[in-house]
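Following is a predicted model, sequence given first.
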Amino acid sequence: MRAQIQAVDEFHIAFGAYRNDAPAGAIPPEVQALRVRLIAEELDEYRRAAEAGDLVGVADALSDLAYVLFGTYVAHGLKDQAEALFAEVHASNMSKLDVDSKPVLRADGKVLKSALFRPPDLQAVLSR
């Protein structure tokens, strides 16, 4: 993930796209609106491709979605923390397993939280 985010940061530098070198929750409203719009466009592209069973379209949309998402990490100055943030969310998600190490699933397949769930401590990651 680090290499991919570094590549997207290289794109931001080369094309003059907005970026931060330090973590920032607030970014200019027009940049935030652009990031949201780009994510929504790529998500809609994925939906259309998946509904059509278009494997190439799915691959394109997922890759574009990852690229835009990584660019959003760059815009918020979180490129150096991205892997640790992801690892913390992953550890939290794995704590959703129940006492028998089984998933708790909603009828539509969404994974629910078990009694063992612990929320991710993203502040601790950001404070390192």
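Received, thanks. Residues are numbered from 1 along each chain as shown.

correct me, but residue 91 touches residue 120?
Yes - counting by CB atoms under 8 Å, residue 91 does reach residue 120; the two are 7.2 Å apart. Placement of C-beta: from N, CA and C, glycine included.

where exactly do the strands run in this structure?
104-105, 111-112 (DSSP state E).

Select, out of the ones you listed, the one closest to residue 35.
Nearest of those to residue 35, taken as CB to CB: strand 111-112 at 26.6 Å.

Show me which positions of stretch 45-64 end up buried.
Buried residues in stretch 45-64, counted by 16 or more other CB atoms under 10 Å: 45, 46, 49, 57, 58, 61, 64.

Report the buried residues of stretch 86-97.
Here stretch 86-97 shows 88, 92, 96, 97 as buried, counting by 16+ other CB under 10 Å.

my read: the last one touches residue 114, true?
Yes - distance between residue 97 and residue 114: 6.1 Å, which falls inside the contact criterion (CB under 8 Å).

Give me the pLDDT for the nearest residue to residue 49 once chain neighbours are set aside.
Using CB to CB, 6 or more residues apart in numbering and skipping residues adjacent in sequence, the residue nearest residue 49 is residue 57, 3.0 Å away. As predicted, residue 57 sits at a pLDDT of 98.

Adding distance to residue 14 as columns, could you present the strands of the chain in a markdown table?
Converted to a markdown table, the strands of the chain look like this (distance: least, CB to CB, whole Å):
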| stretch | distance to residue 14 |
| --- | --- |
| strand 104-105 | 44 |
| strand 111-112 | 39 |
